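S.K.: 3D, please:
(2 chains)
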Amino acid sequence: MGIELKKVTKQVGAETYIYETDLSFEKDGFNILLGTTLSGKTTLMRLMAGLERPSSGEVWFEGQDVTGIPVQKRSVAMVYQQFINYPNFNVFENIASPLRVSGVSSQEIKQRVGKISDLLKLTPFLDRSPDELSGGQQQRTALARALVKNAALVLLDEPLANLDYKLREELRDELPKLFQDTGATVVYATSEPLEALMLGGRTATLHEGRVTQYGPTSQIYRAPNTLVSAQVFSDPPINTAPVEKKNDTFHLTDLINWSVPVEYANLSDGQYVIGVRPHHLTVGTATEDMVRLNGTVQIAEISGSESIIHFNVEGHTWVSESHGVHQFKVGDSVELSLDVSRCFYFHQSGELVAG
Amino acid sequence: MNNYKWLVTTLYILFLMLPIYWLLNMSFKTTNEILGTFSLWPQDFTFDNYKKILTDPTWYNGYINSITYVVINTVISVTVALPAAYAFSRYRFLGDKHLFFWLFTNRMAPPAVFALPFFQLYSAMGLFDTHIAVALAHCLFNIPLAVWILEGFMSSVPKELDETAYLDGYSFWRFFLKIFVPTIAAGIGVAAFFCFMYSWVELLLAKTLTSVAAKPIAATMTRTASTAGYELGLLAAAGTLTIIPGAFVIYFVRNYIAKGFALGRV
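M.R.: Numbering: from 1, shown residues only, chains lettered A, B, ... in the order given. As a prediction, the model looks like this:
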């Protein structure tokens, strides 16, 4: 059993940062907090670390109530988005710092720091001061300091957000390996859905101070419980549009409609909201089981091998993501196919329709 | 146009340095020469003025007194300002901004306002004519200044640094002394420099609160003009020596001060 939040809330002044939250993170694998800026990721982490006290509720760690225990007495390490290192210490002393404080013998310090800096490729820089390092190396130093103390709880607050693309990919691959055998509970906050998917483990989606869903990452991605969870976990943003169910057909407009899939056969008639991930809406002629949309191009972007096209269908904007490079000019009319078998149906309240 | 660029700089330096050169010039002349003739450099070069200052206790004690209370004041100001600035930079509390501003308004009051009450109060406490009296009086102006400068430097250090240290197991004081103070060393240097300079040049309070035992050099310098007629050469030598400590201190903090300017706190 890793870290548990029991009915935790956090208010600062009149503002509520975290609404009542129950969450328990496991020991093995990555636990991901996914949400946009200001969704409460950092606050949640600070509550777990003990840097802030919850306004109400309890924080339990490995079966013990740790709510009021000062951070110094907990076994927690944290890595921030900004590269935080002690500017007056060299890299070696930076990594050794938690060991020095806890009174580990200098021989053991040397050995443990040596091992970690080998792992993180910092050995050539041990004598340098942190501000003589590149951003990637600075963040490695911070990671090394978090690793060297063998903390039972490791909190990574968007550690890769300030790194450039290449370094980010490199470190993202290494991270799960680094923490694999440490036996630590690892919590990782990110605002990028793709990052969550790549890291795997379990994900909690956060929206405006509430945890909307929690479970294995791929499961959350495949089956969001609410429209909000689906929106948090989609990049480019998920398409939503009102649909109406009449008898055995869903109507997007009068002309665009499709027959109700078997699993929704018992659904009562009425208004619903459809959620379509951009890659289920592709450029090209629709096959039999797909729905055809005709739109006008508003924005066309090409991201390597993917084309992201924003287009307009009868006043409603949609985002599509298609394989391959498709060149379009603004104003071009384009035919798209909507894979209705892969889309989500939500009640107007936002709940996923059980199917 | 380009060929005359040097001219502006040269004129600037010339006008800036002229009074200082003149002071230096006079300090190597006899008073008679200063009063009698106009000369661009000493005709009758003499070290007598300096010799007198460095051997006569009524003179050199002035320097010792000044340095003593200035150092005491700088140490007190910076020591007291450090925790205050930390609180202002790290915590939000009721009226924090007003308190910060109020503290700074002390700096705006003219010292003359405080001369009389301070004289009375310090006399009543038996502190009149002591170094500590002047050092404490200058705190009124220097602590707000030091808090202001240090708060700027501290706020430029992310609070995540503090948290990382706590997570690493540091207690507050261990973190503060071993990590935080070295991190803002530049700010401490700048704050100390400004406290030093203010206290060094401040005359009114220093003169009011002392008579003999803690008499500052600036007060001694004014004596020369009254008792033994005009001893201008001696006065010039004393002036020259007064510039030296400031120049000495500014040499050490010259790089930090640029940092202070960048933070808008100098």
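S.K.: my guess is residue B:13 is in a strand, correct?
M.R.: No - counting by DSSP: H, G, I helix; E, B strand; the rest coil, residue B:13 falls outside a strand, being helix.
S.K.: could you report the neighbour count for it?
M.R.: By other Cβ atoms under 10 Å in any protein chain shown, 10 other residues sit near residue B:13. No exception for glycine: its C-beta is placed from N, CA and C like everyone else's.
S.K.: now swap in residue B:11 and tell me
M.R.: Residues near residue B:11, counting by other Cβ under 10 Å: 10.
S.K.: also residue A:181?
M.R.: When neighbours are counted by other Cβ under 10 Å, residue A:181 comes out with 7.
S.K.: what's the answer for the one 10 residues further on, then?
M.R.: One way to gauge burial is a neighbour count; for residue A:191, by other Cβ under 10 Å, it gives 19.
S.K.: so the closest residue in space to it that isn't next to it in sequence is in which element?
M.R.: Counting by Cβ to Cβ, 6 or more residues apart in numbering or on different chains, the nearest residue to residue A:191 once its immediate chain neighbours are dropped is residue A:36, at 5.6 Å. With secondary structure defined by DSSP states H and E, residue A:36 is part of neither a helix nor a strand.
S.K.: ok, longest helix in the chain?
M.R.: The chain I'm using is chain A. The single longest helix within chain A, with elements called by DSSP state H, is helix A:165-180.
S.K.: that's the other chain; I wanted chain B
M.R.: helix B:57-90.
S.K.: OK, contacts around residue A:40?
M.R.: Under the criterion of Cβ atoms under 8 Å, 6 or more residues apart in numbering or on different chains, the neighbours of residue A:40 are A:17, A:18, A:206, A:208, A:209, A:210.
S.K.: closest one to chain B out of those, please.
M.R.: For the contacts of residue A:40, the closest approach to chain B (Cβ to the nearest Cβ) belongs to residue A:17, at 14.6 Å.
S.K.: quick one: the helices in chain A?
M.R.: A:41-49, A:91-101, A:106-119, A:135-148, A:165-180, A:193-199, A:217-222, A:227-232.
S.K.: chain center to the fourth one: distance?
M.R.: With Cα atoms, centre = their mean, to the nearest Å as the basis, helix A:135-148 stands 21 Å off its chain's centre.
S.K.: which other helices and strands does it contact?
M.R.: Applying 3 or more Cβ pairs under 8 Å, 6 or more residues apart in numbering or on different chains; DSSP states H and E, one finds that helix A:135-148 contacts strand A:76-79, helix A:91-101, helix A:106-119, strand A:153-157, helix A:165-180, helix B:159-168.
S.K.: how is the chain carved up into domains?
M.R.: Chain wasn't specified; assuming chain A. A:3-231, A:239-346 (automatic domain parsing).
S.K.: oops, I was thinking of chain B
M.R.: B:1-46, B:55-262.
S.K.: got those as CSV, with distance to residue A:97 and mean pLDDT columns?
M.R.: Putting these into CSV (distance: least, Cβ to Cβ, whole Å; pLDDT from 0 to 100) gives the following:
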stretch, distance to residue A:97, mean pLDDT
domain B:1-46, 48, 86
domain B:55-262, 5, 89
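S.K.: any idea which of the ones you listed is most buried?
M.R.: Of those, the one with the most neighbours on average (mean count of other Cβ atoms under 10 Å in any protein chain shown) is domain B:55-262, at a mean of 18.
S.K.: and it, is it in reach of chain A?
M.R.: Yes - Domain B:55-262 reaches chain A (Cβ under 8 Å from any Cβ of the partner chain) through B:158, B:160-161, B:163-171, B:174, B:179, B:182-183, B:185.
S.K.: which one, of the domains of chain B, ends up nearest to residue A:260?
M.R.: domain B:55-262 (52.4 Å; Cβ to Cβ).
S.K.: gap between the closest one and the chain center?
M.R.: The answer for domain B:55-262 is 6 Å, by Cα atoms, centre = their mean.
S.K.: chain A against chain B: which residues are in contact?
M.R.: Checking chain A against chain B by Cβ under 8 Å from any Cβ, the hits are A:49, A:51, A:70-72, A:76-78, A:80, A:82, A:84, A:86-89, A:97-98, A:101-102, A:142, A:145, A:149.
S.K.: give me the buried entries from those residues.
M.R.: When the residues of chain A next to chain B are checked for burial by 16 or more other Cβ atoms under 10 Å in any protein chain shown, the buried set is A:49, A:51, A:71-72, A:76-78, A:80, A:82, A:84, A:86-89, A:97-98, A:101, A:142, A:145, A:149.
S.K.: and residue A:126, what does it touch?
M.R.: Contacts of residue A:126 by Cβ under 8 Å, 6+ apart are A:90, A:91, A:92, A:113, A:117.
S.K.: quick one: contacts for whatever residue of the stretch 151-300 of chain A ends up closest to chain B?
M.R.: Residue nearest to chain B within the stretch 151-300 of chain A: residue A:151 (8.2 Å; Cβ to the nearest Cβ). Contact analysis of residue A:151 by Cβ under 8 Å, 6+ apart lists A:75, A:76, A:77, A:184.
S.K.: what's the one residue in the stretch 101-250 of chain A that gets nearest to chain B in contact with, if anything?
M.R.: Across the stretch 101-250 of chain A, no residue is closer to chain B than residue A:101, which sits at 4.0 Å (Cβ to the nearest Cβ). Neighbouring residues of residue A:101 by Cβ under 8 Å, 6+ apart: B:168, B:169, B:170, B:174.
S.K.: nothing else from me, thank you.
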